[in-house]
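> mind looking at a prediction? Sequence and model below.
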Amino acid sequence: MSFASDLKILYHMALRPIRGDNHADRMDNFYSGQADAYDDFRERLLKGRRELWQSIEVPENGHWVDMGGGTGSNLDYFGDSIKRLDRIYVVDLARSLLEVARRRASDKGWSHVDIVQDDATQFQPPAGPVDVVTFSYSLTMIPNWFSAVDNAFQMLRPGGILGVVDFFVSRKHPANNFQRHSWFTRHFWPIWMSSDNVFPSSEHVPFLHSRFESMIFQQKRAKIPYLPFLRIPYYIFVGRKPV
């Protein structure tokens with residue numbers, strides 16, 4: 001990816017005004033000018049996605065929903081195991097990103113992948129309960145994120161798996177098994193990222209632990225392209241819906 005392409009992405013992330021009368025319009029307005037260059041830059045920014053996919057066993061003939069799946073790039077992390085799934089839903093509100101996802105599925109012959117423009121708080125798979133739901137850096141972009149998690153809980157079969165990787169900040173006084181971030185970290189990142197309608201929250205991690213049986217929970221930090229001295233916190237969570 002060229003430096004010029006990176007500048008285009010950075011312009012849309014940091015300078016270009018985001019317009020729209022509703023969340024769907026704002027999402028599409030934000031991504032429409034950068035959809036084709038989206039994947040390469042995000043691969044360097046959004047860490048932990050491959051690790052999340054590799055930590056979830058792909059169910060034979062299973063159904064998997066990727067909420068906020070965007071361009072469908074996460075599907076590449078399946079490798080050959082994508083053939084084991086009976087149905088995959090890539091759900092997003094941004095039309096421009098879903099157009100890339102449709103081309104990707106068509107080019108790779110993934111006839112069992114459905115590209116769906118819908119709201120993560122409302123979408124329900126037409127075939128009924130599913131085995132896995134994932135959120136890859138999408139919860140922080142969903143205003144009613146708690147409703148999106150509740151909706152995922154409802155669509156999962158008993159014993160189904162929820163996987164999340166996303167930015168976060170800690171509570172001022174977190175539980176003993178959670179990291180405590182500095183005052184700077186807890187205040188800087190939500191302010192910095194809010195201009196892109198990305199909202200790292202101190203409540204994601206506690207809420208996920210309250211709804212699901214935790215199987216994997218990792219708290220890490222990622223480098224930011226062109227900002228070598230900053231590290232943004234992110235987490236990987238894999239949980240099971242109680243039987």
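Right, received. Where do you want to start?

> any idea which helix is longest in the chain?
Criterion DSSP state H: the longest helix present in the chain is helix 95-108.

> avg pLDDT for the helix or strand just after it?
Sequence-wise, the next helix or strand downstream of helix 95-108 (DSSP states H and E) is strand 113-117. In this model, strand 113-117 carries a mean pLDDT of 97.

> the inter-axis angle of strand 113-117 versus helix 95-108?
Inter-element angle recorded for strand 113-117 and helix 95-108: 170 degrees (by axes from the mean of the first three to the mean of the last three C-alpha atoms, to 10 degrees).

> hang on, the earlier thing: centre of the chain versus the longest helix of the chain, how much separation?
Taking C-alpha atoms, centre = their mean, to the nearest Å, one finds the center of helix 95-108 at 17 Å from the center of the full chain.

> what does stretch 180-191 give?
The answer for stretch 180-191 is 21 Å, by C-alpha atoms, centre = their mean.

> now do stretch 220-233
When C-alpha coordinates are averaged (C-alpha atoms, centre = their mean), stretch 220-233 and its chain have centres 18 Å apart.

> quick check: buried residues in that stretch?
Residues 232-233 are the ones in stretch 220-233 that count as buried (16 or more other C-beta atoms under 10 Å). C-beta coordinates here come from the backbone N, C-alpha and C atoms, glycine included.

> what does that stretch rub up against?
Residues outside stretch 220-233 that contact it (C-beta atoms under 8 Å, 6 or more residues apart in numbering) are 6, 10, 41, 44-48, 167-170, 179, 181, 185, 189, 200, 219, 234-236.

> got the end-to-end distance for stretch 140-158?
26 Å (C-alpha to C-alpha, to the nearest Å).

> which residues sit against it?
Contacts to stretch 140-158, defined as C-beta under 8 Å, 6+ apart, come from residues 23, 27, 65, 67-68, 120-125, 129-133, 135, 139, 162, 166-168, 193, 197-201, 203-204, 207-208, 211-212, 241-243.

> regarding this structure, what is its longest strand?
When the chain is parsed with DSSP state E, its longest strand is strand 227-240.

> does L75 touch I82 like I think?
Yes: counting by C-beta atoms under 8 Å, I82 is a contact partner of L75 at 6.3 Å.

> between the two, which contacts overlap?
88, 110.

> give me the more crowded residue out of the two.
Neighbour totals were compared for L75 and I82, and L75 leads with 22 against 17 (other C-beta atoms under 10 Å).

> how much space separates the more buried one from V90?
7 Å (C-beta to C-beta, to the nearest Å).

> show me what contacts the residue most central in space within the chain?
Closest residue to the average C-alpha location of the chain: S136 at 2.0 Å, with C-alpha atoms, centre = their mean. S136 is in contact with 46, 49, 52, 66, 68-69, 74, 164-166, counting by C-beta under 8 Å, 6+ apart.

> out of these, which one has the weakest pLDDT?
Among the contacts of S136, L46 carries the lowest pLDDT, at 84.

> state the distance from it to S106.
Taken as C-beta to C-beta, the span from L46 to S106 is 24 Å.
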